[in-house]
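Enquirer: Need a 3D model of the sequence below.
(one chain, ligands or ions: 1)
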Amino acid sequence: MTDAAPPAARVLVVEDDRELGPLLLRLFRGAGYSADLAPDGQAGLHLALTRPYDAMILDRGLPAIEGLDLLGRLRRSGVTVPALVLTALGTVSDRVAGLDGGAEDYLVKPFEIDELLARVRVLLRRRSPSEEQLAVGGAAFDLIARTVTGPDGSVVALSGRESDLLRLLARNPARAFSREEIRDQVFPDSAGVALVDTYVHYLRRKLGTTAISTVRGVGYRLGRG
Ligand code: CA
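Expert: Sure, this is the predicted structure:
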């Protein structure tokens with residue numbers, strides 16, 4: 001079935017329209033995606049900086065932070081997740097501004113749902129190798145295979161939770177995450193933060209103690225402290 005989303009592909013929808021936003025959320029979830037909805041630019045910025053997504057759908061006219069401004073901030077922060085910009089502004093100069101602003105694609109409202117889904121599938125197929133592979137020290141972390149290949153060619157297999165935790169840190173290598181943030185992203189069903197420490201311990205045991213550093217008073221980040 002060619003219409004199916006890749007397994008567990010994660011989509012962020014940033015849309016303030018009270019009808020269209022929830023509609024898109026239901027649409028993506030119904031198509032097999034894991035999807036989150038941010039109702040304004042600030043919420044979108046927070047989600048995109050803290051959660052791993054495979055594609056983003058951004059409205060242009062948004063409260064708090066305008067869509068292209070949001071995209072620019074994300075690109076400057078190193079977020080390379082492919083983005084499709086949705087807008088009521090359909091002039092050539094608006095399209096050019098969107099594409100120049102870091103969007104991979106651009107769709108003018110009103111649009112057909114089937115076309116939106118098709119374009120998102122293209123975005124997901126176009127994910128660059130760097131989106132499927134992240135650097136962890138001198139090693140390469142393959143997000144799809146959930147393996148870490150060392151410079152010497154040694155391969156370490158990760159569990160799903162280990163992979164989710166490492167992906168969060170590796171996608172934001174300059175950032176320290178609090179244990180609560182990591183819990184919210186990786187262990188959302190867990191009440192405490194003990195699992196975070198447990199899984200950091202597992203990853204250090206598999207990848208070496210310098211793979212993840214403890215940031216005093218904050219939490220954890222990728223690499224040496
Ligand atoms: Ca809007």
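
Enquirer: Not counting its neighbours along the chain, what's nearest R224?
Expert: T210 (4.9 Å; CB to CB, 6 or more residues apart in numbering). For every residue, glycine as well, the C-beta is placed using N, CA and C.

Enquirer: ok, that neighbour - contacts?
Expert: 137, 223-224 (CB atoms under 8 Å, 6 or more residues apart in numbering).

Enquirer: Check those residues for burial and list the buried ones.
Expert: G137 (16 or more other CB atoms under 10 Å).

Enquirer: Identify, from the contacts of T210, the entry nearest to G21.
Expert: The closest of the contacts of T210 to G21 turns out to be G223 (CB to CB; 36.9 Å).

Enquirer: Mind jotting down where the strands sit in the chain?
Expert: 10-14, 34-38, 55-59, 83-87, 105-108, 133-136, 139-142, 147-149, 155-157, 177-178, 212-215, 219-222 (DSSP state E).

Enquirer: Just name the most buried of the ones you listed.
Expert: Among the strands of the chain, ranked by average contacts under mean count of other CB atoms under 10 Å, first place goes to strand 55-59 (a mean of 27).

Enquirer: quick one: is it near the ion?
Expert: Yes: interface with the ion: strand 55-59 contributes D59 (CB under 5 Å from the ion).

Enquirer: which other residues reach that strand?
Expert: Residues contacting strand 55-59 (CB under 8 Å, 6+ apart): 9-17, 24, 44, 48, 67, 70-71, 74, 81-87, 103, 116, 120, 123-124.

Enquirer: again, 6 Å this time
Expert: 11-15, 67, 71, 81-86, 120, 123-124 (CB atoms under 6 Å, 6 or more residues apart in numbering).

Enquirer: V108 and T91 touch, don't they?
Expert: No: using CB atoms under 6 Å, V108 makes no contact with T91, being 9.3 Å away.

Enquirer: From L86, how far out is the residue in the chain that the ion sits nearest to?
Expert: Residue nearest to the ion within the chain: G61 (3.8 Å; CB to the ion). Note on G61: its distance to L86, by CB to CB, to the nearest Å, is 10 Å.

Enquirer: next one: M56
Expert: For M56, the distance to L86 (CB to CB) stands at 10 Å.

Enquirer: ok, now which ones touch V11?
Expert: By CB under 6 Å, 6+ apart, the neighbours of V11 are 28, 33, 35, 55.

Enquirer: For the protein, which residues are neighbours of the ion?
Expert: 16, 59, 61.

Enquirer: Let's see that with 8 Å instead.
Expert: Proximity of the chain to the ion is confined to 15-17, 59-62, 88 under the rule CB under 8 Å from the ion.
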